[in-house]
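build me a model:
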Amino acid sequence: MFFINDKAGIAYESTEGGIAKWRSADKDFTRLMSSEERAAFMSPCRRVSADEAADFMLAKDAASGAAAPRA
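Presented below is the predicted three-dimensional model:
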């Protein structure tokens, strides 16, 4: 399942066993989240497809210059 947290500007993938994978414009994260952390994080999120999550982060990268090719 994929989610987008518009307020935090991150895309999030929820996997089995409580493992969370998410991405901001400058970092990738993978870690086990407690149920309290997950509830707090998930409250402002909306569920999206994997493609929508990828498109969201590509747009954020482009806006921040992170996706710009290096000379």
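
give me the below-cutoff pLDDT ranges for this protein.
15-33, 38, 41-42, 65-71 (pLDDT under 70).

kindly recompute the last result at 80.
Applying pLDDT under 80 to the chain picks out residues 1, 7-44, 60-71.

let me see the ranges of the strands in it.
2-5, 10-14, 19-23, 28-32, 46-48 (DSSP state E).

buried set for the last one?
Within strand 46-48, the residues that qualify as buried are Val48, counting by 16 or more other C-beta atoms under 10 Å. C-beta coordinates here come from the backbone N, C-alpha and C atoms, glycine included.

same for that strand, what does it pack against?
Using 3 or more C-beta pairs under 8 Å, 6 or more residues apart in numbering; DSSP states H and E, the elements in contact with strand 46-48 are strand 2-5.

list the strands paired with the strand it packs on, with their directions.
strand 10-14 (antiparallel), strand 46-48 (antiparallel) (DSSP bridges).

you'd agree Ala11 is up against Phe2?
Yes: between Ala11 and Phe2 there is a contact at 6.6 Å, judged by C-beta atoms under 8 Å.

with neighbour numbers in mind, choose between the two.
Ala11 (24 against 20; other C-beta atoms under 10 Å).

ok, the closest residue in space to that one that isn't next to it in sequence to Arg46 distance?
Nearest non-adjacent residue to Ala11, counting by C-beta to C-beta, 6 or more residues apart in numbering: Ala53, 4.0 Å away. Ala53 sits 10 Å away from Arg46, taking C-beta to C-beta, to the nearest Å as the criterion.

overlap of the contact sets of those two?
Common contact partners of Ala53 and Arg46 (C-beta atoms under 8 Å, 6 or more residues apart in numbering): Phe3, Ile4.

from Asp51, how far off is Leu58?
Plainly put, Leu58 is 10 Å away from Asp51 if you go by C-beta to C-beta.

for Ser43, same thing?
24 Å.

what residues are up against the residue nearest to Ala11?
Contacts of Ala53 by C-beta under 8 Å, 6+ apart are Phe2, Phe3, Ile4, Ala11, Tyr12, Glu13.

among those, which one sits closest to Ala62?
For the contacts of Ala53, the residue nearest Ala62 by C-beta to C-beta is Ala11; the value is 14.1 Å.
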